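In: predicted structure and sequence below. I'll ask about it afterward.
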There are 2 protein chains.
Amino acid sequence: MRVTKAQAQANRAHIVETASVLFRERGYDGVSVADLMAAAGFTHGGFYKHFASKADLMAEAAACGFSQSLENRAQVDISEFITRYLSREHRDGRGMGCTMAALCGDAARQPEEIKATFASGIENMLAALEPGEGAQDETGQQLRAAIISRVAHAVGALVLSRACPDDSPLADEILAVCRTRILASLPPLSVD
Amino acid sequence: MRVTKAQAQANRAHIVETASVLFRERGYDGVSVADLMAAAGFTHGGFYKHFASKADLMAEAAACGFSQSLENRAQVDISEFITRYLSREHRDGRGMGCTMAALCGDAARQPEEIKATFASGIENMLAALEPGEGAQDETGQQLRAAIISRVAHAVGALVLSRACPDDSPLADEILAVCRTRILASLPPLSVD
DNA sequence: ATTATCTATAGATCTATAGATAATGC
DNA sequence: ATTATCTATAGATCTATAGATAATGC
């Protein structure tokens, strides 16, 4: 049953990506190694030829999630990003959504190494929300503060909305209210 | 080993309060029934004379946490509340802190019944942040929106700060920035 | 010869239950 | 007689490992 080196590496990457989705959906403790390997199409014994432990995988799976959301950076308008981030679709699709919002609660109880990965993930989000060309910047000193604030605001709205029952009016209200307020806080585009 | 009816009820309440703290510290899956009962001073078999299941306890423990933080309501100035909420002490003392921030990530993966408890908890937080007497209210329509926004902002800042490594500059920066910005967003007190 | 994967299982842990114990409360 | 708690354990599950298998890659 041996495969090529390249195939083994692809298999490993596939396990990390599968874990990235499953962890976001069910949390770290909600996914067993056997569950994960079955979802990735393998038997569970093989896991330990790829990773030293399940905790090891957690860090890789989180980093994988952050790097994927980073792909969108700068390509997407900030207003559009906020509108999508605080949409019902994003709230109801945890597996494909923001790793930070899905797992930051779990991260708080993990070892320092994993928290370091999440701190990098936060910096990635800040970079993604940096205004692009053509925006009237806030004063330099205040710019980073404004971005941090928006990220906290958006993540808070999403995690609170997800803690409400499905189809609860409060869940939708939180998303709508915070979406409106964050969009209103964005600096206007300069008119050329 | 039997105790009086009153004592049994007190024991039950003590188990719920102990669970409320331990769940906030370690998460729902991080506390076993045996762990919990030992922490409360009992053997684990007795648990099931008090609760139908561990999931049942989760709802009670969350409700207990929400009702305790509700006690502070209206007694405390909103600025003071925000300042404490976004303090290092609160961030580093999960067991005694906000149940919403500590467990909303776990709640998102729990059954509807528990999510309903968390929705009530959110409404409690909104009520706690309602401006008291003597404040220049925002227009009625906008008031609830402003409060929801502040709660999301504060919860988001706390959960992000907790996901960072201990003593990380970013963790402190998030708290400080959001504290300043939320305080600045509060309506000024009217001068008599 | 090496190694990615599989089969099988050890050892630990977790939820829940069954039955015993001993003190309450009718 | 009832019942809160304890002791002991059943049954399930989970992480991790050991050894077998079979195909790669020197």
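Out: That came through, no problem.

In: for whichever helix or strand A:L126 is part of, which positions count as buried?
Out: Using DSSP states H and E, A:L126 falls within helix A:112-128. For helix A:112-128, a neighbour-count test (16 or more other C-beta atoms under 10 Å in any protein chain shown) marks A:I114, A:K115, A:T117, A:F118, A:A119, A:G121, A:I122, A:N124, A:M125, A:L126, A:A128 as buried. For every residue, glycine as well, the C-beta is placed using N, CA and C.

In: C-terminal to that helix, what's the next element?
Out: By DSSP H and E, the next helix or strand past helix A:112-128 is helix A:140-163.

In: contacts for the worst-scoring helix or strand of chain A on mean pLDDT, please.
Out: Least confident helix or strand, chain A: helix A:54-70 with a mean of 92, by mean pLDDT, DSSP states H and E. Identification of contacts with helix A:54-70 by C-beta atoms under 8 Å, 6 or more residues apart in numbering or on different chains yields A:15-17, A:19-20, A:23-24, A:28, A:33, A:36, A:51, A:98-100, A:103, A:107, A:110-111, A:113-114, A:117-118, A:120-121, A:124-125, A:127-128.

In: mind redoing it with 7 Å?
Out: With C-beta atoms under 7 Å, 6 or more residues apart in numbering or on different chains as the test, helix A:54-70 has contacts from A:16-17, A:19-20, A:23-24, A:28, A:33, A:51, A:98-99, A:103, A:110, A:113-114, A:117-118, A:120-121, A:124, A:128.

In: as JSON lines, the buried residues of helix A:112-128 with distance to B:E80 and pLDDT would be great.
Out: Shown next, in JSON lines, are the buried residues of helix A:112-128 (distance: C-beta to C-beta, whole Å; pLDDT from 0 to 100):
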{"residue": "A:I114", "distance to B:E80": "34", "pLDDT": "95"}
{"residue": "A:K115", "distance to B:E80": "29", "pLDDT": "97"}
{"residue": "A:T117", "distance to B:E80": "35", "pLDDT": "96"}
{"residue": "A:F118", "distance to B:E80": "30", "pLDDT": "98"}
{"residue": "A:A119", "distance to B:E80": "29", "pLDDT": "98"}
{"residue": "A:G121", "distance to B:E80": "32", "pLDDT": "97"}
{"residue": "A:I122", "distance to B:E80": "27", "pLDDT": "97"}
{"residue": "A:N124", "distance to B:E80": "34", "pLDDT": "94"}
{"residue": "A:M125", "distance to B:E80": "30", "pLDDT": "94"}
{"residue": "A:L126", "distance to B:E80": "29", "pLDDT": "94"}
{"residue": "A:A128", "distance to B:E80": "34", "pLDDT": "89"}
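
In: can you point out the buried residues in stretch A:23-41?
Out: A:F23, A:R24, A:E25, A:R26, A:G27, A:Y28, A:D29, A:V31, A:V33, A:L36, A:M37, A:A40.

In: wait, what's in contact with the fourth one?
Out: Spelled out, that is A:R26. Counted by C-beta under 7 Å, 6+ apart, A:R26 has contacts B:R109.

In: ditto for the second one
Out: For A:R24, the set of contacting residues under the criterion of C-beta under 7 Å, 6+ apart consists of A:G65, A:R94, A:G95, A:G97, A:T99, A:A102, A:L103.

In: mind checking which of those land in helices?
Out: A:G65, A:T99, A:A102, A:L103 (DSSP state H).

In: what about the closest residue to the second one other than its chain neighbours, how many residues nearby?
Out: Closest residue to A:T99 in three dimensions, ignoring its sequence neighbours and counting by C-beta to C-beta, 6 or more residues apart in numbering or on different chains: A:G65, at 3.1 Å. Using other C-beta atoms under 10 Å in any protein chain shown, A:G65 has 26 other residues around it.

In: ok, now A:V177?
Out: 20.

In: which bits of chain A sit near DNA strand C?
Out: Applying C-beta under 7 Å from any atom of the strand, we find that chain A lies next to DNA strand C at A:1-3, A:5, A:7-8, A:11-12, A:37, A:42-46, A:49-50.

In: re the thing from before, now a ChimeraX select for only the buried ones of the contacts of A:R24.
Out: Restricted to buried positions by 16+ other C-beta under 10 Å, the ChimeraX selection for those reads:
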select /A:65,94,97,99,102,103
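
In: ok now do A:C178, which residues does it touch?
Out: Counting by C-beta under 7 Å, 6+ apart, A:C178 has contacts A:L86, A:H153, A:A154, A:A157, B:S149, B:A152.

In: pretty sure the third one contacts A:S87?
Out: No: taking C-beta atoms under 7 Å as the definition, A:A154 is not a contact partner of A:S87, at 11.3 Å.

In: look at these two and report which has more neighbours.
Out: Using other C-beta under 10 Å, the more surrounded residue of A:A154 and A:S87 is A:A154, with 26 against 16.

In: now the residue lying closest to A:A116 once chain neighbours are set aside: how far from DNA strand C?
Out: Of all residues not flanking A:A116 in the chain, B:P165 sits nearest, at 5.2 Å (C-beta to C-beta, 6+ apart). Separation of B:P165 from DNA strand C (C-beta to the nearest atom of the strand, to the nearest Å): 25 Å.
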